[in-house]
Structure formats: C-alpha cells, structure tokens
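*Asks:* I'd like to go over a predicted model; first the sequence, then the structure.
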Amino acid sequence: MKDLLSRRRRFVWTTAFALLSMFATALAAAGKHNGSDAQTPTTAAVLSAPGAKYVGSDQCKICHADQARIMQATPHYRIFGTDKQAGAEGCEFCHGPGSAHIDGGGDRSKISRLGEVKSGEVLGVCLNCHAERLNQMRFNRSQHASAGVTCVDCHRVHTSKAQPLLVEKELDLCYGCHQETKSDFAKPFHHRVNEGLVQCNDCHNIHGTATVRQARTLPSGDAVCYKCHADKQGPFVYEHVPVKTEGCTACHTPHGSSNPRLLKVSQVNLLCLQCHTFPTVGPAGPVHNQSAKYQACTMCHNQIHGSNFSSVFFK
C-alpha cells in the first residue's frame, strides 16, 4: 500500500514538474516572439556621433534659419517647445545631440538625418511619440512597413505641401505607388475619389490595422462600407448570408468597375448563379428557366442585402 502511494506521489510530482516546464517554455517563446515583432523605440541620440552632447535649438538656428522659420508653422514646433526627453529639445529631439555636428563644421555624417538611415531606425524615432499619442502602434506590422515605406517617405517634418505634413496631396501620394488602383478609379463606375468626395484614408488606415488591406472598420466591427451605405447594414430578420460572411466584396469591387453598381460581373443573373445554381448544396436554385427568362433577379428579389419581411428578399 505504501509503495502504491509512493508511486502515486512520484507520478503527481513528475507530472506537475513537466507541466510547469512546458508552461515556462511557452512563456519564454511568447516573450521572444513579442520582442521580435515589436518595434523597439530608437532615440535619435543612438544614431548620432558617439560622445556628442546636446547644445539646444538656438545653435541649430544659426545655420538653419530658413528651416527653423518654416518649422514654426508645424505641429512639431509647438510640441517640442515643452516636450523633453533625456535633455533633447526642439531639433535635437529627432536629430540627436548636435555638438559633434557643429564642431565638425556642419559635418552631415555626425548628425542623425532620418532620410538617410535605415527604415527601422526612422520608425523607432517617430514611434517614440506617435505610437501612443496618435495610436499608430500597428504601423510596424502594416503592409507599408513590410514594403519598406517609412514615415519620411510620405511626411515632411520641416516643410509640407499639404496637411497633415504630407509630401504632396494624399491622392497623388497614394497614386505614386498604387498605379493599379489609380486605373480602377478611372473606370466608368467608381467611388468618387478623383472628384474629391472620398479619400483613400476614409476606407483604409494607412498606418496599419489588423484587417486585410488595412481596411477600416466601424466601432461595431462591421465593414467601413456601412459608414456611407447605412441602409445596407441591418440587422435584418432575413439575412443574406454572403453579406455577413464574405462582406461587400463578395459581389462588388470597391474601387471601380466597368459594370453598374461596381458589380464583379456584367449581368446580375450571372452573379447570383455563382451561388444559386441547381443542383447544389446550399441555397435553392432558381425556379425560372434562365434560358427563357432574361430579367435580372433583383427585379423581384430587390431587397438582396437583407429583408425584414421576406425570406426570399421580396420587397
């Protein structure tokens, strides 16, 4: 009996030790993973010349009077007047300590120039402030960051042709890389981006989200399409399943199309028959002879996004 109890105790302790070891290993792996994904903030002082000291923005203005004058009209100038970090203030907050730069007669290699360093280092400097204040913590996991696009590719800290501190107008800036999207907006049926009624930033969070294509969502979690098309949102008594499971892009192309209502195919019936084909597993097929009936399905099923009165989406 004692041997049996002893064996049971050994089994319990061995099992407990194994479980604790597995738990510790999982925590270590999770910490390592999070550390590799997270963007470690990089101060400009790290990127500057070794041993350099802070001298103050007044020293910078002696040579860079034009930049200082233009900088006064930007939000950064108002913030840096009171926001200090490790002795940094004004220019040196982003460019690091400037004593070595001054002693070297303006040697460009002895000061941090964000347009000439690695993309990860630029993000580290900018995210020191913008990760928390402007809720841009996801940028380092965004598609822009993955493509090597950095803050200074789109924004100008000292001078700007457009707000918020953009290199140029938002649409022209986006079109500079997204040429295929530009061609979509030139199609006969499109969202009115070129006309100035909609902006890329209205539908996409350019600084990163957890969604596909960095698409914005409403606070409810629904697609951003409902921000304008609220009548399609519901909830409805009778839901059209693809609207809820696949979203608007199951039937529509969001940027532009050669078909009315931004549909993916030219004929409504062809779109409906992609799912409603008999025999099939799922929704019942049409009861009409499609070779003899040419009216669009939505002539009768006009509440196709959902209905409160008809399970087959009649009006």
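*Replies:* Arrived safely, thanks for sending.
*Asks:* so where does Thr277 fall, helix or strand?
*Replies:* Following DSSP states H and E, there is no helix or strand that holds Thr277.
*Asks:* distance of the residue with the shortest distance to the centre of the chain from Lys232?
*Replies:* Centroid check for the chain by CA atoms, centre = their mean gives Gly208 as the closest residue, at 2.0 Å. Look at Gly208 and Lys232: by CB to CB, to the nearest Å, they are 27 Å apart. Where you see a C-beta, it was placed from the backbone N, CA and C, and this is true even at glycine.
*Asks:* gap between Gly90 and Cys129?
*Replies:* 14 Å.
*Asks:* one more: Asn259?
*Replies:* Distance from Asn259 to Cys129, by CB to CB: 46 Å.
*Asks:* ok, and the closest non-adjacent residue to Pro188?
*Replies:* Ser258 (6.0 Å; CB to CB, 6 or more residues apart in numbering).
*Asks:* wait, the one you found sits on Lys187?
*Replies:* Yes - with contact defined as CB atoms under 8 Å, Ser258 reaches Lys187; the gap is 5.5 Å.
*Asks:* only alpha carbons, please: show the helix or strand encompassing Asn128 as CSV.
*Replies:* Using DSSP H and E, Asn128 maps to helix 119-133. Only the C-alpha atoms of helix 119-133 are listed here, as CSV (Å, rounded to 0.1, in the frame of the first residue of the first chain):
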residue,chain,number,x,y,z
SER,A,119,13.7,52.3,-42.3
GLY,A,120,13.5,50.6,-38.9
GLU,A,121,15.6,53.3,-37.3
VAL,A,122,13.3,56.0,-38.7
LEU,A,123,10.3,54.2,-37.4
GLY,A,124,11.9,53.9,-34.0
VAL,A,125,12.4,57.7,-33.7
CYS,A,126,8.9,58.6,-35.0
LEU,A,127,7.2,56.0,-32.9
ASN,A,128,8.7,57.3,-29.7
CYS,A,129,5.9,59.9,-29.8
HIS,A,130,3.4,58.6,-32.4
ALA,A,131,3.0,55.0,-31.1
GLU,A,132,0.9,56.2,-28.1
ARG,A,133,-0.2,59.7,-28.9
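*Asks:* ok, and for that helix, which residues are buried?
*Replies:* Using 16 or more other CB atoms under 10 Å as the test for burial, helix 119-133 gives 119, 121-131.
*Asks:* for the next helix-or-strand element following it, buried residues please.
*Replies:* Next in sequence after helix 119-133, counting helices and strands by DSSP H and E, comes helix 143-146. Buried residues in helix 143-146, counting neighbours by 16+ other CB under 10 Å, are found at 144-145.
*Asks:* do stretch 185-194 as well
*Replies:* For stretch 185-194, using 16+ other CB under 10 Å, the buried residues are 185, 190-191, 193.
*Asks:* average pLDDT for that stretch?
*Replies:* Stretch 185-194 shows a mean pLDDT of 94.
*Asks:* what residues does that stretch touch?
*Replies:* Residues from elsewhere that reach stretch 185-194, judged by CB atoms under 8 Å, 6 or more residues apart in numbering: 171, 184, 198-200, 254-262.
*Asks:* which ones among those map onto helices?
*Replies:* Per DSSP state H, helices hold the following members of those: 171, 184, 200.
*Asks:* surely the second one meets Leu262?
*Replies:* It stands for Asp184. No - with contacts counted by CB under 8 Å, Asp184 stays clear of Leu262, the gap being 9.8 Å.
*Asks:* out of the two, which sits in the more crowded spot?
*Replies:* Neighbours per residue (other CB atoms under 10 Å) separate Asp184 from Leu262, with Leu262 holding more: 20 against 17.
*Asks:* what's near enough to touch that one?
*Replies:* Going by CB under 8 Å, 6+ apart, the list of residues near Leu262 reads 189-191, 252-254, 256.
*Asks:* check Arg156 too.
*Replies:* Arg156 makes contacts with 165-167, as judged by CB under 8 Å, 6+ apart.
*Asks:* for His276, state which of those residues is nearest.
*Replies:* For those, the closest approach to His276 (CB to CB) belongs to Leu166, at 46.2 Å.
*Asks:* for the chain, where's the lowest mean pLDDT among helices and strands?
*Replies:* None of the helices or strands of the chain scores lower by mean pLDDT, DSSP states H and E than helix 2-37, at a mean of 49.
*Asks:* check contacts around Gly306.
*Replies:* 232, 234-236, 238-240, 243, 313.
*Asks:* how near is the residue nearest to the centre of the chain to Gly148?
*Replies:* Distance of Gly208 to Gly148, given as CB to CB: 14 Å.
*Asks:* ok, Val237 next?
*Replies:* Distance, Val237 to Gly148, by CB to CB: 49 Å.
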